[in-house]
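# Okay, here's the prediction I keep looking at, along with the sequence it came from:
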Amino acid sequence: MSLYSIGEVARICGINPVTLRAWQRRYGLLKPQRTEGGHRLFNDDDLDTIRTILGWINRGIPVGQVKSLLEGKVEALPGGWSQGEHRLLTALQDGRSNKVRQLIIELGREYPAASFVNNILRPLRKRLSSGDSRLLMMRSQLDGLIIEHAVMCMNAARKRPGTPATLTGWGHTDSTELWLEAIVRCEEGMQVEILPVPLDEPHLENLSGSQILLWSEGKLTQIQRQRLLNWVEQGLSIILLGSSAVILSAGEDESHEDPEPALLPHDESHTILQMVPVRKEGKK
């Protein structure tokens, strides 16, 4: 049976080594072997267990309940994501910033970044956006702590090998979404730099050496579509994110006449499009 280091397991299963350590130490979900030097070694059975854990978590099961599920002792209870959201909301309502900070770090270790961001942080921000000034104040406090956590993730990612990436907003966007996306991309192995102020006229040509993550909201205008095509023809590697990508991927945009470069769905689970440069063959 093959053996894998924690770094190899992280790449195979798409999960942060910090999360794997938390599942082992705090929850007893994993029991890896050890080398003589004390390094963890996982086998194929461990990989199957990790995939099973991810399956439960993606259904919203609290990580603290997973061990009993793996052992067949209890039935799954619904509402795991709402429990995490409620814990953060309670701490915000009580004005306990340090508690919120602690919970963000704790939940960020326990869950894959995409699950944490998409199922807890984004729903909580939406909940706080549809209320009075007191709720908006709490959202502002939460946003500050999200940015703080994102910076921590970005600094940690720079200490590991990874793909350089620049994340920026295009047009009128919610700037906190950039920081949330950075948390997710850092776990995916990117070394993210953020341009925190969304730009109406970004000059992406200056970022040619980096993977470009472009966040945009709403239906792209014809001028914006043409700019995208021009950037790609220049050889820039662009991943379009936000609702603009959702609209394009859903086929709601009226223009389908541009033969190249190709606009290809990149990852259905993250509602993004990747702008893929088309290499033209020379004349024979």
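Structure received.

# The residue positioned nearest the centre of the chain is in what secondary structure piece?
The centroid of the chain falls nearest to Val184 when counting by C-alpha atoms, centre = their mean (2.2 Å). Here Val184, judged by DSSP states H and E, is contained in helix 176-187.

# Let me know the average pLDDT across that helix.
Across helix 176-187, pLDDT averages out at 95.

# ok, now stretch 201-218?
Per-residue scores along stretch 201-218 average to 90.

# Output whichever strand in the chain runs longest as PDB, restricted to C-alpha atoms.
Counting residues, the longest strand found in the chain (DSSP state E) is strand 190-199. Only the C-alpha atoms of strand 190-199 are listed here, as PDB (Å, rounded to 0.1, in the frame of the first residue of the first chain):
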ATOM      1  CA  MET A 190      -1.800  30.400  -5.100                       C
ATOM      2  CA  GLN A 191       0.400  33.200  -3.700                       C
ATOM      3  CA  VAL A 192      -2.100  36.000  -3.900                       C
ATOM      4  CA  GLU A 193      -1.500  39.700  -4.200                       C
ATOM      5  CA  ILE A 194      -4.700  41.900  -3.800                       C
ATOM      6  CA  LEU A 195      -5.400  45.200  -5.500                       C
ATOM      7  CA  PRO A 196      -7.900  46.200  -2.800                       C
ATOM      8  CA  VAL A 197      -9.600  49.000  -4.600                       C
ATOM      9  CA  PRO A 198     -11.800  47.900  -7.600                       C
ATOM     10  CA  LEU A 199     -10.900  49.700 -10.800                       C
END
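
# what does the next helix or strand after that strand rub up against?
Per DSSP H and E, the first helix or strand lying C-terminal to strand 190-199 is strand 211-216. The contact list for strand 211-216, computed with C-beta atoms under 8 Å, 6 or more residues apart in numbering, reads 163-171, 173, 177-178, 181, 185, 190, 192, 198, 202, 204, 224, 231, 236-245. Heads up, the C-betas are built off the backbone N, CA and C, glycines and all.

# can you give me the strands for this structure?
With strands called from DSSP E, the chain shows them at 3-4, 33-34, 40-43, 163-170, 190-199, 211-216, 238-241, 262-267, 272-276.

# wait, which of those strands is closest to Gln24?
Between Gln24 and those, the tightest spacing by C-beta to C-beta is seen for strand 40-43, at 7.8 Å.

# What's the mean pLDDT across that closest one?
Mean per-residue pLDDT for strand 40-43: 93.

# Each with direction, which strands does it pair with?
The pairing partners recorded for strand 40-43 under DSSP bridges are strand 3-4 (antiparallel), strand 33-34 (antiparallel).

# Take these and write them to JSON lines, including mean neighbour count and distance to Gln102.
Below are the strands paired with strand 40-43 laid out as JSON lines (neighbours: other C-beta atoms under 10 Å; distance: least, C-beta to C-beta, whole Å):
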{"stretch": "strand 3-4", "mean neighbour count": "16", "distance to Gln102": "31"}
{"stretch": "strand 33-34", "mean neighbour count": "10", "distance to Gln102": "30"}
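
# Run the angle between the helix of greatest length in the chain and strand 163-170 for me.
If you go by DSSP state H, the chain has its longest helix at helix 133-157. Helix 133-157 and strand 163-170 are oriented at 160 degrees to each other (axes from the mean of the first three to the mean of the last three C-alpha atoms, to 10 degrees).

# Going by neighbour count, list what's buried in helix 133-157.
Residues of helix 133-157 classed as buried by neighbour count (16 or more other C-beta atoms under 10 Å): 135, 138-139, 142-143, 145-147, 149-150, 153-154, 157.

# Could you say which one of the strands paired with strand 40-43 comes nearest to Gly60?
So among the strands paired with strand 40-43, strand 3-4 is nearest, using C-beta to C-beta, at 28.0 Å.
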